[in-house]
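*Asks:* Build me a structure from this.
(2 chains)
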Amino acid sequence: MFQNFKRILKFGWQNFYRSLGLSVVTIVIISLTLISISSLVIFKILSDNTLKAVQAKTDVYIDFDPNVTFEQANQLVSSLSEVPTIKEVKYISSEENLDNFLNTYGDNSLIAEAVQTLDNNPFKPSLMIKVDDIDHFPLILEELSQNKYAGILEIDDRDFTQTKTLINKISEYSQKINKAGIIISLIFILVAILVVFNAIQISIYSRHEEITIMRLVGASNQFIKGPFFIEGIFYSFFSLLILLIILYPLLVFVQPYIDNFFSEYATNLVTEVSNNFLLIFGVEFVVAILINILSASFAMRKYLRK
Amino acid sequence: MIELKNISKVYPPNVYALKNINLEIKAGEFVSIVGQSGTGKTTLTKLIIAEEKPSEGQIIVGGWDITYIKKNEIPYFRRQIGVVFQDFKLLKKKTAFENVAFAMEVCGINNKKINSTVVKALKLVGLEKSADRYPHQLSGGEQQRIVIARSLVHKPKLIVADEPTGNLDSLNTREIIDLLLKINKMGTTVVLVTHNREVVNSLNKRVITIDQGVIISDQNKGKYIL
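*Replies:* Numbers count the residues shown, from 1 in each chain, chains lettered A, B, ... in the order given. Have a look, this model is predicted:
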């Protein structure tokens, strides 16, 4: 059994290196397919992380009516804490709001002077709400717009709407790019299947005599077909190796551009890809193997029928 | 050893390569199957080695009914017979030793057994000193002897030789026929398919003559009658 496997491996390797030119072309095509799939996966990671980051930083501030009592505000906060779609809810006093404002814009002397000239704190106490999914905001805002809260809250959902528009835009672009990526990947997969089919077909043709002799002397079908599958596994392995050699330096190269473009929402691609190494490259290796098995099976069904 | 019962082989649209063949070859026999080109000799060989299936009838080889043999059984069946062809079918990039060993390698036999068997087979065909030579470094007769050595490594009970001397001069032809006789003397059934009149007449063994897909003569100590 092991002896047989060793020999199938040996014959598969011989198939691979005896037609090296053909093997190189096949590997290049499979590598291009894997690179296109990787680009798609990386883009998905990037867009998902950006969406998560934007959502995580989205919090809505709803002003309380100036006449609201502390008890009324606390009661509302505790009842909102019970709502499962709300991640965090907090009462922010008018003093805290002023401090936050100065912390953010205090460096601007004009703004700081303008605030100092005012006799009273211009900020009202407010309610800060964070959610896991920004899609939950409309329902929450609708709930808070009911008459029972009319005397307590002053709802202005402008901030939320701006963020929602940004998220929708990112989502829309990422979906479009994903679709294009899937189409490009499918085209590459199809081309790869045809190229591998052709390579195995040529390999079968060039070994026609050997296969005839194998049949005559009683080699099992498994033994005759095995080396072609092994040849396909070599294609997959070397394609994946090329992908790794190209991908990591490429990620390091594009990282500054990603940082620059996404600024605070940027994702460290090398870390992300490394964290998902097995998932990404395991899936890609499986895709490469499937391409090879599929093509080899077609080629063998056509040329090794007897 | 070989039983053919009412065998016919029809190729589309409706061409009979063999028609209603009934034949029995006993173990240990040396049988020549003769006939002119295109009379169905090679089709008969292909049926005996299970490379083709009959359109009608039943074939039993070595006690194995191969009429409807399954694809996955064919390799095991082929290991019980040795096949020799006119065009040698040797691998050019392998030495004589490697060519003979190849037949055992692809059947999963271990290296130790391969080494000892190949040496013996090469010795039997008188080519033990040419083990490291490549086919292009050997004469036609020597190449055919390598093929015979390869066909012997599985210790077959039957050797089917389809025009083994077709590409050889008279001297090499004689050597190959003598070798087949020697193998037959050792107990192996030999089926020699040929259209070489001199060879057949010199053997003084059973001769089956085929013409247009039909057996027209079957003589125990026969001659080439066409």
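*Asks:* Quick one: the strands in the stretch 101-250 of chain A, in order.
*Replies:* Per DSSP state E, counting those that start in this stretch, the stretch 101-250 of chain A carries strands over the ranges A:126-131, A:153-154.
*Asks:* how about those, which one is nearest chain B?
*Replies:* Closest approach to chain B among those (CB to the nearest CB): strand A:126-131, 62.2 Å. For the C-beta atoms, the positions are set from N, CA and C on the backbone; glycine is no exception.
*Asks:* which neighbours does the closest one have in its sheet, and in what orientation?
*Replies:* Applying DSSP bridges to the sheet, strand A:126-131 is found paired with strand A:59-64 (antiparallel), strand A:86-92 (antiparallel).
*Asks:* Which among those strands is found nearest to residue A:144?
*Replies:* strand A:59-64 (6.7 Å; CB to CB).
*Asks:* which of the strands of the stretch 101-250 of chain A is buried the deepest?
*Replies:* strand A:126-131 (a mean of 20; mean count of other CB atoms under 10 Å in any protein chain shown).
*Asks:* Let me know the distance separating residue A:244 from chain B.
*Replies:* 34 Å (CB to the nearest CB, to the nearest Å).
*Asks:* wait, what's in contact with that residue?
*Replies:* residue A:281 (CB atoms under 8 Å, 6 or more residues apart in numbering or on different chains).
*Asks:* Could you do the one 4 residues further on as well?
*Replies:* Contact analysis of residue A:248 by CB under 8 Å, 6+ apart lists A:270, A:273.
*Asks:* now with 7 Å?
*Replies:* Residue A:248 makes contact with residue A:270, according to CB atoms under 7 Å, 6 or more residues apart in numbering or on different chains.
*Asks:* what do you get for residue B:91?
*Replies:* Contact analysis of residue B:91 by CB under 7 Å, 6+ apart lists A:209, A:210, A:213, B:99, B:102.
*Asks:* and it, that's in a strand?
*Replies:* No. Assessed with DSSP: H, G, I helix; E, B strand; the rest coil, residue B:91 is coil; it does not lie in a strand.
*Asks:* Would you report the backbone torsion angles of it?
*Replies:* Backbone torsions for residue B:91, taken as degrees, to the nearest 10, come to phi -90, psi 120.
*Asks:* Tell me the confidence at it?
*Replies:* Model confidence at residue B:91, given as pLDDT, is 87.
*Asks:* how close does it get to residue B:108?
*Replies:* The spacing between residue B:91 and residue B:108, counted by CB to CB, to the nearest Å, is 19 Å.
*Asks:* what stretches of chain A score poorly on pLDDT?
*Replies:* Applying pLDDT under 70 to chain A flags residues A:147, A:155-164, A:166-167, A:170, A:174, A:302-306.
*Asks:* Point out the residues in it that sit beside chain B.
*Replies:* A:3-4, A:7, A:209-210, A:212-214, A:216-221, A:223 (CB under 7 Å from any CB of the partner chain).
*Asks:* Make a ChimeraX selection of the buried ones in those residues.
*Replies:* In ChimeraX, the members of the residues of chain A next to chain B classed as buried (16 or more other CB atoms under 10 Å in any protein chain shown) are selected with the following command:
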select /A:4,7,210,213,214,216,217,218,219,220,221,223
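*Asks:* Now do the helices in the stretch 1-150 of chain A.
*Replies:* A:2-18, A:20-56, A:70-81, A:94-105, A:109-117, A:137-144 (DSSP state H, counting those that start in this stretch).
*Asks:* Out of these, indicate the one that is most buried.
*Replies:* helix A:20-56 (a mean of 18).
*Asks:* Could you name the helices and strands sitting against that one?
*Replies:* helix A:158-206, helix A:221-262, helix A:269-275, helix A:277-303 (3 or more CB pairs under 7 Å, 6 or more residues apart in numbering or on different chains; DSSP states H and E).
*Asks:* tell me which element residue B:99 is part of?
*Replies:* helix B:96-105 (DSSP states H and E).
*Asks:* For that helix, which outside residues touch it?
*Replies:* Helix B:96-105 is contacted by residues A:7, A:217, B:90-91, B:94, B:114, B:117-118, B:121-122, B:127, B:130-133, B:138, B:146, B:149-150, B:153 when judged by CB under 7 Å, 6+ apart.
*Asks:* now stretch B:119-131
*Replies:* For stretch B:119-131, using CB under 7 Å, 6+ apart, the contacting residues are B:95-97, B:100, B:138, B:142, B:145-146, B:148-149, B:152-153, B:179.
*Asks:* what does chain B put close to chain A?
*Replies:* Residues of chain B that fall close to chain A, judged by CB under 7 Å from any CB: B:71-72, B:75-76, B:78-79, B:83, B:89, B:91, B:103, B:105-108, B:110, B:150, B:154.
*Asks:* Among the residues you listed, which are located in strands?
*Replies:* Applying DSSP state E to those, the entries found in strands are residue B:83.
*Asks:* Pull out the buried residues from the residues of chain B next to chain A.
*Replies:* Applying 16+ other CB under 10 Å to the residues of chain B next to chain A, the neighbour count classes B:75, B:78, B:79, B:83, B:89, B:103, B:105, B:106, B:107, B:108, B:150, B:154 as buried.
*Asks:* List just the nearest of those residues to residue B:168.
*Replies:* residue B:89 (14.9 Å).
*Asks:* any idea how far residue B:106 is from the residue nearest to that closest one when sequence neighbours are not counted?
*Replies:* Setting aside the residues directly before and after it, residue B:89 is nearest to residue A:213 in space (CB to CB, 6 or more residues apart in numbering or on different chains), at 5.3 Å. Distance, residue A:213 to residue B:106, by CB to CB: 8 Å.
*Asks:* Which single residue of the stretch 1-150 of chain A ends up nearest chain B?
*Replies:* Counting by CB to the nearest CB, the stretch 1-150 of chain A gets nearest to chain B through residue A:4 (4.4 Å).
*Asks:* what's the pLDDT at the closest residue to that residue other than its chain neighbours?
*Replies:* With CB to CB, 6+ apart as the criterion, residue A:4 has its nearest non-adjacent residue at 4.4 Å, and that residue is residue B:108. Residue B:108 is assigned 84 on the pLDDT scale.
*Asks:* any idea how far residue A:5 is from residue B:108?
*Replies:* For residue B:108 relative to residue A:5 (CB to CB), the value is 10 Å.
*Asks:* for residue A:81, same thing?
*Replies:* In terms of CB to CB, residue A:81 sits 63 Å off from residue A:5.
*Asks:* next one: residue B:118
*Replies:* Using CB to CB, we find residue B:118 at a distance of 22 Å from residue A:5.
*Asks:* Please apply the same query to residue B:34.
*Replies:* Distance, residue B:34 to residue A:5, by CB to CB: 45 Å.
*Asks:* cool, residue B:133 as well?
*Replies:* Counting by CB to CB - residue B:133 and residue A:5 are separated by 31 Å.
*Asks:* next one: residue B:184
*Replies:* Counting by CB to CB, the gap from residue B:184 to residue A:5 is 38 Å.
*Asks:* With residue B:64 instead?
*Replies:* Separation of residue B:64 from residue A:5 (CB to CB): 28 Å.
*Asks:* OK, now which residue of the stretch 51-200 of chain A is nearest to chain B?
*Replies:* For the stretch 51-200 of chain A, CB to the nearest CB, closest residue to chain B: residue A:200, 19.0 Å.
*Asks:* That residue is in contact with residue A:229, isn't it?
*Replies:* No. Using CB atoms under 7 Å as the test, residue A:200 is too far from residue A:229 to be in contact (9.3 Å).
*Asks:* More neighbours: which of the two?
*Replies:* Using other CB atoms under 10 Å in any protein chain shown as the criterion, residue A:200 and residue A:229 rank with residue A:200 on top: 27 against 19.
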